[in-house]
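Peer 1: Next input, structure requested:
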Amino acid sequence: MVNTKAVTIHAARKEGGMSECCIESLEECTRACLDCVLHAVREGNMVTCVLICLDCADLCATTLRVIARNSIRPDDFAKLCVYVCRQCVTECRKYEHAHCQNCANVCERCAMECEKYVSNAHI
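Peer 2: Numbers count the residues shown, from 1 in each chain. Okay, here's the model as predicted:
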């Protein structure tokens, strides 16, 4: 059985450029958000953080697939990703935990890469 996700992402990376940087940031952000969720659940009292990180991870993973397969309107997904990543940054910055700070930093970079992607989407 062929891993279609890996094939699609590999094909997009071969193109290089803006898509590749955005895809890498989306992958990293998905992982950082899920890592933050795993730690936050164990620490308790971080319900909003967990929910925002889950939303961010889901949206980043979906946006990654949309960009990688060169869908019709990937910039719309990327715009929403910018918004949700920034919400995640705001929430995670409220906590001093290393996983929250890492998540905030990674989400901030992801938002910037998605913004670059959107600004170049119609060039």
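Peer 1: Name the next helix or strand downstream of the longest helix anywhere in the chain, please.
Peer 2: In the chain, with assignment by DSSP state H, the single longest helix is helix 17-43. Under the assignment DSSP states H and E, the closest C-terminal helix or strand after helix 17-43 is helix 47-68.
Peer 1: dump the residue contacts of Tyr117.
Peer 2: Taking CB atoms under 8 Å, 6 or more residues apart in numbering as the contact definition, Tyr117 lies against Met18, Ser19, Cys21, Cys22, Ile67, Pro74, Asp75, Ala78. Heads up, the C-betas are built off the backbone N, CA and C, glycines and all.
Peer 1: and the two most separated of those residues?
Peer 2: When those are compared pair by pair using CB to CB, the farthest-apart members prove to be Cys21 and Asp75, with a separation of 14.8 Å.
Peer 1: quick one: low-confidence parts of this protein?
Peer 2: Counting by pLDDT under 70, the low-confidence segments of the chain come to 1-18, 122-123.
Peer 1: tell me the angle of the host helix or strand of Lys116 relative to helix 17-43?
Peer 2: Following DSSP H and E, the helix or strand that holds Lys116 is helix 98-119. Computed with axes from the mean of the first three to the mean of the last three CA atoms, to 10 degrees, the direction of helix 98-119 lies at 150 degrees from that of helix 17-43.
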